[in-house]
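# Everything below, folded, please.
(chains A and B)
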Amino acid sequence: MSNETKREKILGIDLGTTNSAAAVMMGGKPMVIPSAEGPTVAGKMFPSVVAFTKDGQLLVGESARRQAVTNPEAGGHH
Amino acid sequence: MSPKKPTKKELQKRVEELEIQLKEAENKAEKHLSQLKYAKADLENTQKQSQKRMQDVMDRANGGLLQQLLLLDEMEVLATRDAEKENLVQGMGMVLKKLQKVMDSEGVRVIEAEGHPFDPFRHDAIMEVETSEEPDGVIVEEVLRGYMYKDRVLRASMVKVARSPKKSEEENQDE
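Numbering: from 1, shown residues only, chains lettered A, B, ... in the order given. You can find the predicted model right below:
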């Protein structure tokens, strides 16, 4: 629609040393976006870990943390 | 040729026309503003209602599940009864079976671990074990059983993963 005004979304990201979280403003209130892995011990947050598997697959969050012991050279902690 | 200067009468007529247009625009704006206020109030009410409905649905779902887990009385009887060990074990076995039935009917499944390749989406590696009996990356021991709830991980299984001695040697050479 030509007369539709473009509304920008505000995204807040908290990159923590242990966990990270992201939130958007919805109806004037900040709402934390739940991680795809579902609620964990840390709530809606997810571990600040990124890794690559041996076959090059990118892992983020809980799955990256779980394989850290087996693949320490391919992981990164914030 | 300069344009003809409007007469006083024509100017007066024009002012009257503009005043009517202004009044119409003001009425329209007022109407829109009131519609907007109503729409905003409606939206806020709908949001509150939908939040309440969602909470109701969650409470009902939790209630249904908790009802199935009301095995407390049976556990209490077992915990307080001065019975033979054999009978207690039999009783615990029956309670355990009931619990497993509830879990099965709700869609909770055990995650396969030992002998399967390590999968970070379902398993949590707590350590590596150097062995030539299993291929590299295969789970050699399950320390804590994991569960799936439908397609979600309820709890990842804690496992020990095989690491081939050859790989360790290569790494030592690199260092």
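# Tell me what residue A:22 is bridged to.
Beta-bridge partners recorded for residue A:22 (DSSP bridges): residue A:13.
# Isn't it up against residue A:16?
No: Residue A:22 is beyond contact range of residue A:16, at 11.4 Å (criterion: C-beta atoms under 8 Å). Yep, even glycine has a C-beta here, placed from its N, CA and C like the rest.
# Pick out whichever of those two has more residues nearby.
Higher neighbour count among residue A:22 and residue A:16: residue A:22, with 16 against 13, using other C-beta atoms under 10 Å in any protein chain shown.
# Who are the contact partners of the more buried one?
Applying C-beta atoms under 8 Å, 6 or more residues apart in numbering or on different chains to residue A:22 gives the contacts A:11-14, A:32-33.
# Distance-wise, check it relative to chain B.
Using C-beta to the nearest C-beta, to the nearest Å, residue A:22 is found at 20 Å from chain B.
# ditto for residue A:67
4 Å.
# Specify the local secondary structure of the closest residue to that residue other than its chain neighbours.
Residue nearest to residue A:67 in three dimensions, not counting chain neighbours: residue B:120, with 3.8 Å by C-beta to C-beta, 6 or more residues apart in numbering or on different chains. Taking DSSP: H, G, I helix; E, B strand; the rest coil as the rule, one finds residue B:120 in the coil state.
# Mind pulling the model confidence for residue B:120?
As predicted, residue B:120 sits at a pLDDT of 92.
# Relative to residue B:162, how far out is it?
15 Å (C-beta to C-beta, to the nearest Å).
# just residue B:33 next, same as before
As for residue B:33, its distance to residue B:162 is 71 Å (criterion: C-beta to C-beta).
# So which of these two has more stuff around it?
Neighbours were counted for residue B:33 and for residue B:162 using other C-beta under 10 Å; residue B:162 has more, 21 against 10.
# so the more buried one is in which element?
Using DSSP states H and E, residue B:162 falls within strand B:157-163.
# strands paired with that strand, and their directions?
When DSSP bridges is applied, strand B:157-163 pairs with strand B:123-130 (parallel), strand B:139-144 (antiparallel).
# hang on, the earlier thing: in a markdown table, list the contacts of residue A:22 along with distance to residue B:21.
Output for those, formatted as a markdown table (distance: C-beta to C-beta, whole Å):
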| residue | distance to residue B:21 |
| --- | --- |
| A:11 | 44 |
| A:12 | 46 |
| A:13 | 50 |
| A:14 | 53 |
| A:32 | 50 |
| A:33 | 48 |
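# Can you add neighbour count and give those residues back as a markdown table?
Listed next are the contacts of residue A:22 as a markdown table, based on neighbours: other C-beta atoms under 10 Å in any protein chain shown:
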| residue | neighbour count |
| --- | --- |
| A:11 | 10 |
| A:12 | 12 |
| A:13 | 10 |
| A:14 | 12 |
| A:32 | 14 |
| A:33 | 13 |
